[in-house]
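> the following block contains a protein sequence and its predicted model.
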Amino acid sequence: MKNPFKWFSRNKKNEAKDKAFKEPSPTMDARKEEEDIYSADAPLANPEFDLFNRKGFSERIAQTIAKRSEKESLVVGIYGKWGSGKTTVLNFIENELKQHPNAETIFFNPWIFPSETELFVAFYTELSKAISKSLKTKGEHIADEIEKYVGAVASFFDRADAVKKLKSLMISEASLEELRDRIGRILVEQNKLVVILIDDIDRLDKNEIHSIFRLIKKSANLQNVVYIVAFDRDIVATSLNERYGDHETNSGQSFLEKIIQVPVALPKIPQNDLRNFCFLQIDKALQTNDIELTETETQEFVRHFIDGIEIRLKTPRMAIRYANMLNFSLPLVKGEVHMADFLLIEAIRAFYPN
């Protein structure tokens, strides 16, 4: 029986979602079908393939930022557990901001830089490019001032060489603030917005996490510059507690509250959507291995899955992990086991590993 789980929760809404998941869009990146990308546990880039109501959420954030009248710098924190779709939301926000000609975006991933120095150099290089790109002024000295500013700020992080670098640039900390204010005024005058999206902070170690927030704090006074950072709040707060050597108090959370001006929790995915997504992954695994279930077997599996497994299904990543386990194990037992029982045993392994 092809697509054995689709009989279970069939309505027009689910049919539309199945179609969106199964059929490529004409506007989709031609390098690979979004379905295959999602199965590999990679984030979505195309909002047309949104299965978890992230598109509207992301668009509202982007529109609020693009249309805000305040010119002061802003730091927005998007909080969510691992595997809940934070990177997808950042992709959707960036996609929406590209519809606003006054906005220039930087997607910065600190996880790929092996040292603090490389992290700072890369960050300020990208910031300099984005600001220079967004400005339309004919004053050639503006680009030089931007380069001087980001170079000077970056030098503060190299303490051993900071004074020497600042002297070579003939910049004092007071004149650095004047230069920062001038760049901010130019962004405001030309109605240009720079939005920096930072992902995977919760994958860094405690010192690197502190470094990225220190970096944000140091450069967060530029007018018309907005930071959107996505991470698991509990993981980051715990790491910051350890960074300060304080395991008993909420120093990590207090630190975050000083940096993050607008905290936004990623909306919980409706359980029906998670279930349907998980069933789609199971169905693909069965089809890949040319295994068909009878309706009785399907009903048996679905009943027990909902009764005892679904309570542990919290994120799309958990569903993908389960499907990957099936893709590995199904060829080993095909034709040898009661398939509904085997699917449930593998579900126990995936969702109740202890």
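Received it, and whenever you're ready, just let me know what you need. Fair warning: this is a prediction, and the values are worked out from it, not measured in the lab.

> only C-alpha atoms from now on, for both contacts and neighbour counts.
Fine.

> quick one: contacts for Leu274?
Residues in contact with Leu274 (CA atoms under 8 Å, 6 or more residues apart in numbering) are Phe52, Leu313, Lys314, Thr315, Pro316, Ala319.

> which of those tops the neighbour count?
Greatest neighbour count in these, by other CA atoms under 10 Å, goes to Ala319: 27 neighbours.

> ramachandran coordinates for that residue?
Backbone torsions for Ala319, taken as degrees, to the nearest 10, come to phi -70, psi -40.

> next up, identify which helix or strand the closest residue to Ala130 other than its chain neighbours is on.
Spatial nearest neighbour of Ala130, excluding adjacent residues (CA to CA, 6 or more residues apart in numbering): Glu104 at 6.4 Å. Here Glu104 sits within strand 103-108, counting by DSSP states H and E.

> follow-up on the earlier one: for the residue nearest to Ala130, name its beta-bridge partners.
Listed beta-bridge partners, Glu104: Val194 (assigned using DSSP bridges).

> got a list of what it touches?
Leu97, Lys98, Ala130, Ile131, Lys133, Ser134, Lys192, Leu193, Val194, Val195.

> now for Ile338, how many residues are close by?
That one is not Ile; residue 338 is His. 11.

> now for it: which residues touch it?
His338 touches nothing, counting by CA under 8 Å, 6+ apart.

> for the strand holding Glu104, buried residues please.
Within strand 103-108, the residues that count as buried by 16 or more other CA atoms under 10 Å are Ala103, Glu104, Thr105, Ile106, Phe108.

> low pLDDT regions in this structure?
Scanning the chain for pLDDT under 70 picks out 1-41, 134-180, 220, 245-249.

> go again using 50 as the cut-off
Applying pLDDT under 50 to the chain flags the ranges 1-2, 7, 9-35, 37-38, 138-140, 159, 162-163, 166-167, 169-171.

> show me the strands in it, by range?
For the chain, applying DSSP state E gives strands covering 74-79, 103-108, 193-198, 225-231, 262-265.

> JSON lines please, covering the buried residues of strand 103-108 and showing distance to Ala265.
Formatted as JSON lines, the buried residues of strand 103-108 follow (distance: CA to CA, whole Å):
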{"residue": "Ala103", "distance to Ala265": "24"}
{"residue": "Glu104", "distance to Ala265": "24"}
{"residue": "Thr105", "distance to Ala265": "22"}
{"residue": "Ile106", "distance to Ala265": "22"}
{"residue": "Phe108", "distance to Ala265": "20"}
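
> restricting to C-alpha, output stretch 185-195 in CSV.
Below are the C-alpha coordinates for stretch 185-195, written out as CSV (Å, rounded to 0.1, in the frame of the first residue of the first chain):
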residue,chain,number,x,y,z
ARG,A,185,24.4,59.1,10.8
ILE,A,186,25.2,58.3,7.2
LEU,A,187,23.2,55.1,7.4
VAL,A,188,20.3,57.1,8.9
GLU,A,189,20.5,59.9,6.3
GLN,A,190,20.5,57.4,3.4
ASN,A,191,17.8,55.3,5.0
LYS,A,192,20.0,52.2,5.0
LEU,A,193,19.5,49.3,7.4
VAL,A,194,22.2,46.6,8.1
VAL,A,195,20.8,43.4,9.6
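
> what sits against Leu119?
Residues in contact with Leu119, defined by CA under 8 Å, 6+ apart, are Pro110, Phe113.

> can you tell me how far it is from Ala237?
21 Å (CA to CA, to the nearest Å).

> try Ile348
Relative to Ala237, and taking CA to CA, Ile348 is found at 31 Å.

> right, and Lys71 touches Asn221 too?
No. Using CA atoms under 8 Å, Lys71 is not in contact with Asn221; the gap is 10.2 Å.

> now, of the contacts of Glu104, which are buried?
Buried among the contacts of Glu104 (16+ other CA under 10 Å): Leu97, Ala130, Ile131, Ser134, Lys192, Leu193, Val194, Val195.

> just give me the closest of those residues to Phe277.
Among the buried ones among the contacts of Glu104, Leu97 lies closest to Phe277 (CA to CA), at 27.9 Å.

> that closest one against Ala66, yeah?
Yes. Leu97 sits in contact with Ala66 when judged by CA under 8 Å, with a separation of 7.1 Å.

> coming back round to it: now the strands of the chain as CSV including distance to Arg185?
Formatted as CSV, the strands of the chain follow (distance: least, CA to CA, whole Å):
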stretch, distance to Arg185
strand 74-79, 16
strand 103-108, 16
strand 193-198, 12
strand 225-231, 11
strand 262-265, 23
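
> tell me which of those lies nearest to Glu336.
strand 225-231 (43.6 Å).

> ok, that closest one: who's next to it in the sheet?
Partners of strand 225-231 in its sheet, by DSSP bridges: strand 74-79 (parallel), strand 193-198 (parallel).
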